[in-house]
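*Asks:* Got a predicted structure here, sequence first:
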Amino acid sequence: MDLRPAGVNPTAANSATAGAPPAVAASGVTKRFAGGVVANDRVTFEARHGEVHALLGENGAGKTTLCNILTGLYRPDEGEIRIDGKPVRLHSPHEAQAAGIFMVHQHLSLVDSLTVAENVVLGWSRHGGVTFSARTVEAEIEEIAARYQMAVDPKARIWQLSLGERQRVDILKALYRGASILILDEPTTVLTPAEIDQLFSSVREMVAEGSTVIFISHKMPEVFAIADRTTILRKGRSITTLDIAGTDARQLARLMVGHEMSFDVHPRAAGVEPKPAPAQPPVLALEGVHVRGDFGIDALKDVSLEITAGEILGIAGVSGNGQRELAEVVAGLRPFTQGTIRIGGENVASGDPRDAINRGVANVPEDRMGTGVSPNLSVAENLILKSYRSSSPHSGPILLMGRAETQATALMARFDIRAPGPGTLVRQLSGGNVQKVVLARELSSGPRLVIAASPTRGLDVGATEYVRGVLVEAAKQGAAIMLISEDLDEIVELSDRIAVLYEGRVVGVVEAASATYEHLGLMMAGAAS
Amino acid sequence: MNADLIVSIAVSAIAYGTPLVLAGLGELLAERSGVLNLGVEGMMLMGAVTAFFVSQTLGGPGLAVLVAAIIAAALAGAALALIHAFLSITVRVNQIVSGLALTIFAGTIGLSSYAGQVWGVGGQHGVHQLVKLDVLGLSDVPVVGPILLNQDAFVYFSWVLVALVTFYLFRTRFGLYLRAVGESPRSADAMGINVTRYRYVHTIIGGAFAGLGGAYFTLAIAPIWTDGLTAGDGWIAIALVIFAFWRPDLLVVGAYLFGALSSLGFTLQTHGVQLPSEFFSSLPYIMTVVVLAAASTTLARRRIGTPAALGVPYVREES
Amino acid sequence: MIAIERNLVTPRWQRVALPIVSLVMASIIAGIVLAVSGHDPIGTYQQIYAASFTADGALTATFIYATPLLFTGLGVAIAFRMHVWNIGGEGQLYMGAVGASGVGLLCGGWPLPILIVMMALGGALAGLAWALIPGLLRAYLRTNEILVSLMLNYVAGLFMYYLIYDSTSFWRDLTSSSALVFPQGKNLLPSSDWPGILLGSFTLPFGFVLGAVLAVLLLALFRFTRFGFEMRVMGDSPAAANYAGMRTRRTIVAVMALSGALAGLAGASQIGDFGHVLDPRGLEQAGYGYTGIVVAALAMYNPLAVVIVSILIGALTNAGFALQGPTFPIGLVGTMEGIILFSVLGGEFLGRYRIRFGRAPARAPGLDDEPGAEVAP
C-alpha cells in the first residue's frame, strides 16, 4: 500500500487526518483525446477525509476531465487513482459509485417525468428486491433531507421543481447511497445567493461527518467561502495545491491564468460616447408581454423593456426564470399571449420568426448547434440560411450557390471562421467556429436588434473574447443588443443597462456603471427590486 | 339495442381485440424503453404462421400442441425483434426505416408467406383450436357469463399479462428503470442502468408479444393460414399505444373498442343493417385516423405519455 | 476492445459502393435462406436473372414492374429525405389509378397527347389529395403521419373494391353479362394507351421515360431552388428551419403533396401504360407502394439512383411473379427485399463509422465545447 505522506503541501487544516491516506488521490494522470488534445497532463491531486477541496481553473483547464476520470466515465491513459490509499481502476460511473464517489454534474442526472423518490432509487435501492415502496423511500428521503437541511418534497415530479431544488435532489441521491466523496461541478451557476448559502451549509454538514467534497469552480469568492484547500489546474496540468487560509484571490488568479491579471476597466467605459439622445425612439419596446411556457404556465409575466440603438441591455437572472422565453418571443419563435412588442415603433406579429427577421432582428440562439445552424449543410449554405429568400446570392426561385460561396469566403475571412472552405459541413467545425458562422450570418445583415443568448457558453477564452468584441462592435455600429447570460461578470462587463428577470418578471433595471453584485444578486433572488 | 346485440358485440370485441391487446402491450414495452418498432405487422404474421405450422405438425395431446405452438409463435416474434433491436440499438440506424424493413421482410409477401409455402400450410384446415372455457360453470349467466366467463384460455392469459405489465411498469424497480431509460437514457446510464440491455430485452419481449398476438389469429379466430391475414392489425396496435398514452389499462380499452369496430359490420349485417361491407371494413382504419388526430392535439397541448427518448438512439459521450 | 468512431465525411465512392455491397450481402444471406429451405441458390439466381433480363420479353416485363416502382420510389425518396414519413404510397397509387382511369374513361377519344396529360394530371391530383390528409394532419395537428398514411392505404384499397365489386359506379363494367357475374372495371378505349418506345424486341414504357425525366427535375429542384434549399434545411434540422423563418408547415404539406402526386402518377401509369382498366385485386397484389420504400432506401434517397434501383427491384419483382410457384414462392421477394434493406441500413452504418480494434483514443467532447455546451431543452 502506498503510504507516502499525504499532500503536496501538508497543512494543518485537518491535522486529525493528515497521517491517514487521502480519501481520493490521482497521481500522474494523463488523458489524451483524438486530435492530439491532452486534457490532463500528469495531474496530481488528492482530497482528504473531512475537507472541502476546490478544483480551480479556467474553462478548458481540465477540471471536468479529471472529475470524469475520478468517476469512471473516462479511463486515464496514464497514472493511477487511489481511494483510501488503494489503487483502483474504475470502468464506469457505477463502479465509482460503489466506491463511494458521486458527482453532481451541471447537467443533472435526473428524469424529469419521475418523482423525486423515484429518481433517488434509480439504479440502486437500499432494500433491493423487485418491488419498491414509494412510501418507505419517501420517509428515508425526508430523514436525510432534514439532517442536511435540504428541504424538498419527495412526491414532487422533477419538472415541477426549480433548478436549485433539482440540484438538491441530485445531491440527495448521492447521500441516499452513502456517498463519502461528493464532486460538485460548478454547482452555484444555477443558484440564487440564498440557495448558495443553503448549499454551503449542507456541504459543511457533510464534511463535518467526515465526507469529502470536491468543489469545481472558477469563482474566487465561493472558493474562499467554502473550501479548505484548493488545487489549481491550468492547461491540463496541476499547478499546485494550497491552503485557503494561507492565500489570497490575487495569488490564485495569477496561478489560474499563468500571469498577473490586469484588472481591466469596464471595456465599454473607455472611450464610449455619452448615451444616445433620449428623444430617439427605442429599437425594441416590450409592453406588458405575457408568454406561456412549455408546461402551460406563464413563463413571462407583464414584461416591459426598451432597448435603444447602440445600447447593450443585459438580461441577468438565475437560469430558468424566463430568459429563454424572452429571447424566443422577441425572435418570433414563441407567441405572446398579451401585450405588444414593437420594433422601430411598429408592432410585430406574435410567433412569426419571418416577420421578426424582416424587421431586422438578428438572433444568436442559446442552442447554437441545434437551432442556430443546419449541421449537415455547408458553411456557405448556413450563411444564406435567412438571406436565401431575398438578397444577392440568388435570383428568383433559383439559388446561385457559386455567388453564395464567394460571399461566404469573404465572410469567413472577416469573421475569422477557420474551416477548409465554404463547402465544409458545419458539424465538422469546433464550437467556437460554429458560433462565428452564426455571428457572421446574423451580424453581416446589418441588424437593428441583436438577441444574443449565452453567446459565449462553452467557448474557450479566445473565442469568448472574440464574440464579446463582435457584439460590442455591433452596438457601436448602432444595433440594439439584448444580451442574455447566466454569467453575471459577462453581463456587468458588456452592458449599458441591466434588467433582472425573476420568475418571469422584470424585477428591476439598473445602470451597469452603478450596479453592485450584491444588489444584482438580491434582485436575482427576488429579494429586491 | 337489446342485450343480445350488446353481448354479441362484446364477445366479438374481445375476440378481435385480443391480438391487439397482446401486440399493443409488446409495442408499449418496446416504446417505453425508447425503441419504436414498426415491424409489429411482420412479427404478428410470423407468429401466426409459425403457430399454425407447429399446431398442424406436432402430434400429441391438443393442449400440449397448442402450448408448443404459442411458445413457437412468441419465439418467432422475438427473433424478428432481435433484428430490429440490433439495427436500432447497436447499429443505431433510423428506427422508422428499420421497422418498415422488418415488416417488408416478414410481411404479406415476405418471410411469413415464404414460410407458409415451404411448410405447406396454405390450404390446410386447423386441427387444434383454442376452445372456449366454461369458467366456474357459470358461462350461462346472462350477459356476464358469455362475456367474462366463457372465453378461451388465451384471453384470460392476455388479461393476466396486462395486469403483470402494469404491475411491472409502476410497482417494480425494473419497471421504474425501464421508464427512466425511455425518458432520459443519459440519466439512467449515469445511475448505472444498462440502457442497451433494457432496450434489447424490452424490444425482444415486445416481439414475443406480437408473435402471440399473431398466434391468436390462426389458433382462435379462424383455423386457417393465408398471406397477410392480420390485415393491418399490427399497425393499429402501434396506433393504440399512442392513444393509450403508453398506459396498459387504456390500451386494453382501446383494443376492445377497435375489436368491436372490426366486427361491427358483420354483427350489424346479421341484424339487418344494409350498408356496403367496405364501409364497415374501413371503419377501424378511419377511426384510427380520427382518434390519432384527436389524441395528437392532446399530446401536443400537454406533454404527457410519450417517452421523451422514443426513437432516439443512445450514444454515451465516450465509447 | 472494439471502438466505434464516427467518420465526419463520407467519401463519395462509399455512396456508390455501399448499395452494391449491400446487394451482394443480401444475395448471400438470401442464398442461405434458399439453401436452408431446400432450394438451390445458384440455380434460383440464374432463373431470376433469366426471368428478369435475358429470357424472351423478360426485359420488357422487368420494366413493367420498374415503372411504378420508379414513381413510388421517387415519392418515398423525396419525403423520407425530409423526414416526412409517407408510407401511404400504396393508397395514393390506388387513388391515382382511380383518378386516371376516371379521366381516361371520361375523355376517351380525345387526342392522345392531351389525353395523356389529362390522365397524368388526374392520377397525380388524386394521389396528391389523398396524401394531403396525413400531410395536413401532420403539419397542423402534429399527428403521426406514418400511421395515418398507412391506415389510408387500407381505406383506399377498400374504396377501389367498392367501386368495382360492390356498387354500380362509373368505373365498373356493367355491359357484358360475364362482368355481372365476375365484376370488373370498364376498359379504356384502345386509343387511350400510352405509347411505349420500341427498341427492337424491348418496349420502354412511356411512364418510365416520364419518371426518369421527373427524377432529373426533382434533383434540380432539390439542389438549385429555394424550395429545395428549404427542404434540405428542414430535413436536416427542423429547429433551424423554423429559426430561419421558413414556413415549415407549408413545406411539410408541399412535400407530402409532391410525394403523393408521384405515387398518384404510378397509378396513372398503371392505367395508361399497362392495365387500361381499374383492377383493384391486381394493384393490391403488386404492392408497388410498399416496395417503393425498398427502392428509395436502396437508392439512399437520391432521385437519380432511384431510376437505376427501380430497374433492379423491378427485375426482382418480375422474377417473383414470373417464377411464382414451388421453385420460387412469392414470399421470397419480400424476404429478399427485407434482407436488402437490412444490409443497406447496416452498410450505411459502416460508412458512417469506422470500427477500430484495439484501444482507440477517445474523441474529445471538451475540445472546444465543454459538456455543458449541450443545452437542455
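*Replies:* Sure thing, it's come through.
*Asks:* Roughly how far does the residue nearest to B:F280 when sequence neighbours are not counted sit from A:P375?
*Replies:* Leaving aside its chain neighbours, B:F280 sits nearest to B:G265 (2.3 Å; criterion: Cβ to Cβ, 6 or more residues apart in numbering or on different chains). (Glycine included, C-beta is placed from N, CA and C.) Using Cβ to Cβ, to the nearest Å, B:G265 is found at 50 Å from A:P375.
*Asks:* same thing with C:M151?
*Replies:* 34 Å.
*Asks:* Show me which of those two is the more surrounded one.
*Replies:* Neighbours per residue (other Cβ atoms under 10 Å in any protein chain shown) separate C:M151 from A:P375, with C:M151 holding more: 27 against 17.
*Asks:* I'd say the more buried one and B:W235 touch.
*Replies:* Yes: when contacts are counted by Cβ atoms under 8 Å, C:M151 is listed as touching B:W235 (6.9 Å).
*Asks:* shared neighbours of the two, which are they?
*Replies:* B:T288 (Cβ atoms under 8 Å, 6 or more residues apart in numbering or on different chains).
*Asks:* Mind giving me the packing neighbours of the helix or strand of chain B with the lowest mean pLDDT?
*Replies:* Ranking every helix and strand in chain B by mean pLDDT, DSSP states H and E puts helix B:144-148 at the bottom, with a mean of 76. Helices and strands touching helix B:144-148, by 3 or more Cβ pairs under 8 Å, 6 or more residues apart in numbering or on different chains; DSSP states H and E, are helix B:3-32.
*Asks:* Checking the residue of chain B found nearest chain C next. Helix, strand or coil?
*Replies:* Going by Cβ to the nearest Cβ, chain C is nearest to B:F105 of chain B, at 2.2 Å. Of the three states, B:F105 takes helix according to DSSP: H, G, I helix; E, B strand; the rest coil.
*Asks:* cool, and A:S350?
*Replies:* Applying three-state DSSP: A:S350 is coil.
*Asks:* residues in contact with the residue of chain B closest to chain C?
*Replies:* B:G39, B:G42, B:L80, B:I83, B:L111, C:G334, C:T335, C:E337, C:G338, C:I339, C:L341, C:F342.
*Asks:* And C:S149, by the same measure?
*Replies:* Counting by Cβ under 8 Å, 6+ apart, C:S149 has contacts C:W85, C:N86, C:I87, C:G88, C:G91, C:A131, C:P134.
*Asks:* what about the strands in the stretch 101-250 of chain C?
*Replies:* C:197-199, C:202-204 (DSSP state E, counting those that start in this stretch).
*Asks:* Equivalent analysis for the stretch 151-300 of chain A, please.
*Replies:* Under DSSP E, counting those that start in this stretch, the stretch 151-300 of chain A gives strands at A:181-185, A:212-217, A:229-234, A:237-243, A:284-292, A:298-307.
*Asks:* and the ones you listed as JSON lines, adding distance to C:F222?
*Replies:* As requested, the strands of the stretch 151-300 of chain A are arranged in JSON lines below (distance: least, Cβ to Cβ, whole Å):
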{"stretch": "strand A:181-185", "distance to C:F222": "45"}
{"stretch": "strand A:212-217", "distance to C:F222": "48"}
{"stretch": "strand A:229-234", "distance to C:F222": "49"}
{"stretch": "strand A:237-243", "distance to C:F222": "51"}
{"stretch": "strand A:284-292", "distance to C:F222": "37"}
{"stretch": "strand A:298-307", "distance to C:F222": "38"}
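*Asks:* can you list those strands in TSV and add mean pLDDT?
*Replies:* Output for those, formatted as TSV (pLDDT from 0 to 100):
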stretch	mean pLDDT
strand A:181-185	93
strand A:212-217	91
strand A:229-234	91
strand A:237-243	90
strand A:284-292	93
strand A:298-307	92
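*Asks:* To chain B, which of those strands lies closest?
*Replies:* Evaluated with Cβ to the nearest Cβ, the strands of the stretch 151-300 of chain A place strand A:284-292 nearest to chain B, the distance being 11.0 Å.
*Asks:* Can the closest one be said to contact chain B?
*Replies:* No: using Cβ under 8 Å from any Cβ of the partner chain, strand A:284-292 stays clear of chain B, with a minimum separation of 11.0 Å.
*Asks:* Can you name every helix or strand that that strand contacts?
*Replies:* By 3+ Cβ pairs under 8 Å, 6+ apart, strand A:284-292 packs against strand A:298-307, helix A:323-330, strand A:338-343.
*Asks:* Identify the residues contacting the helix or strand just after the first one?
*Replies:* This points to strand A:298-307. Remark: after strand A:298-307, the chain's next helix or strand is strand A:312-316, criterion DSSP states H and E. Contacts of strand A:312-316 with the rest of the structure, by Cβ under 8 Å, 6+ apart, involve A:268, A:305, A:307, A:323, A:326, A:471-472, A:475, A:480-485, A:488, A:491-492, A:494-501, A:512, A:520, A:523-524.
*Asks:* From those, keep the buried residues only.
*Replies:* A:268, A:305, A:307, A:323, A:326, A:471-472, A:475, A:480-485, A:488, A:491-492, A:494-501, A:512, A:520, A:523-524 (16 or more other Cβ atoms under 10 Å in any protein chain shown).
*Asks:* from the residues you listed, which ones fall inside helices?
*Replies:* Among the buried ones among the contacts of strand A:312-316, DSSP state H puts A:Q323, A:L326, A:L471, A:V472, A:A475, A:L488, A:I491, A:V492, A:L494, A:L520, A:M523, A:M524 in helices.
*Asks:* Next, the angle helix B:3-32 makes with the helix or strand containing B:L261.
*Replies:* Assigned by DSSP H and E, B:L261 belongs to helix B:248-270. If you take axes from the mean of the first three to the mean of the last three Cα atoms, to 10 degrees, helix B:248-270 sits at 140 degrees to helix B:3-32.
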